[in-house]
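A.B. asks: Need coordinates for the following:
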Amino acid sequence: MENIQLKENERIDDLQCKGYKIIQNKEGFCFGMDAVLLSNFCDIKSGSTVVDLGTGTGIIPVLIYAKNNVSKVYGVEIQEEVAEMANRTMKMNNIENDVEILNIDLKNAPEKLGINKFDVVTSNPPYMISGGGLINIKDKKAISRHEITCNLEDIIRVSSKLLKHNGRFFLVHRPNRIVDILCLLRQYKLEPKSIRFVHPKIGKQPNLVLIKSIKASKPELKFEKPLYVYNDDGTYTKEIYEIYGMENIDI
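C.D. replies: Predicted coordinates:
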């Protein structure tokens, strides 16, 4: 593992997955459970080529590379500082030849990477619709949380362009956007195939939804069993521990 120079407010976190680590800036937007759940939700065939849109710290490309026998993974990130940090993560893990971070606007990804070329596209996009309040467009946390530099339609449209026929698109988002998501997926020929809701605990409303769609596929939507994060006593459920690959974790 290559020695990497850290910048102010940066730290290295152990991903507890095959020895991989990640650089994060505690003053910026650090990855959350949603990114880990998405990477676990993806069923990726051996030798696949993958693009992660709005990759941020690069957490999803690292986990996908660690857990799957993929050919190549690209992470697309518009913020220069964040993309540079993600690139240093790949160099630190000695995977920069297999996991490449591109500092471009995701709306330009098809022009840069090619159309109808990829097996898998993933995205953990900004959840909040911008509008109404004042938002600092230079704030890294705001860009990660609000639809400032791209919106849901941009992500779905670009994903469809990037994917091969029968390519797979995996998305994590908020359940209150599910009607928008499903309508846009159909509009851009990405047929929803599998949905899984994530609940804080039994009896609580879901706060995340994981969706798999396939380009130009026939209609057939399946609902997977709910994923519960916490037990009634506040401890993590067995499935969450299994997803993180540990018996006892501090998430």
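A.B. asks: Tell me where the protein has strands.
C.D. replies: Here the chain has its strands, by DSSP state E, at 10-14, 21-25, 49-53, 72-76, 99-102, 118-123, 163-173, 190-199, 208-215, 222-223, 227-228.
A.B. asks: in this structure, what spans have low per-residue confidence?
C.D. replies: Counting by pLDDT under 70, the ranges of the chain that qualify are 1-2, 128, 130-149, 246-251.
A.B. asks: what about the helices in it?
C.D. replies: Assigned by DSSP state H, the chain shows helices spanning 33-41, 59-67, 80-92, 109-113, 140-145, 152-162, 178-187, 238-244.
A.B. asks: who wins for proximity to Pro226 among those?
C.D. replies: Pro226 lies closest to helix 238-244 among these, at 10.1 Å (Cβ to Cβ). All C-beta spots, glycine's among them, are computed from the backbone N, C-alpha and C.
A.B. asks: Going by neighbour count, which residues of that closest one are buried?
C.D. replies: Across helix 238-244, burial judged by 16 or more other Cβ atoms under 10 Å covers 240, 243-244.
A.B. asks: One more: stretch 82-96?
C.D. replies: The neighbour-count check on stretch 82-96 (16+ other Cβ under 10 Å) flags 82-83, 85-93, 95 as buried.
A.B. asks: Stretch 43-56 now?
C.D. replies: Buried positions in stretch 43-56, judged by neighbour count with 16+ other Cβ under 10 Å: 44, 48-56.
A.B. asks: Centre of the chain to it, how far?
C.D. replies: Put simply, stretch 43-56 sits 9 Å off its chain's centre (Cα atoms, centre = their mean, to the nearest Å).
A.B. asks: May I have stretch 196-209 as PDB, with CA atoms only?
C.D. replies: What follows is stretch 196-209, C-alpha atoms only, in PDB (Å, rounded to 0.1, in the frame of the first residue of the first chain):
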ATOM      1  CA  ARG A 196     -35.700  -3.100  -1.700                       C
ATOM      2  CA  PHE A 197     -36.800  -0.800   1.000                       C
ATOM      3  CA  VAL A 198     -34.500   0.000   3.900                       C
ATOM      4  CA  HIS A 199     -36.100   0.700   7.300                       C
ATOM      5  CA  PRO A 200     -34.500   2.100  10.400                       C
ATOM      6  CA  LYS A 201     -36.200  -0.700  12.400                       C
ATOM      7  CA  ILE A 202     -39.300  -2.900  12.300                       C
ATOM      8  CA  GLY A 203     -42.400  -0.700  12.500                       C
ATOM      9  CA  LYS A 204     -40.700   2.400  11.100                       C
ATOM     10  CA  GLN A 205     -41.300   3.800   7.600                       C
ATOM     11  CA  PRO A 206     -38.500   3.200   5.100                       C
ATOM     12  CA  ASN A 207     -35.900   6.000   4.700                       C
ATOM     13  CA  LEU A 208     -33.900   4.500   1.700                       C
ATOM     14  CA  VAL A 209     -34.800   2.500  -1.400                       C
END
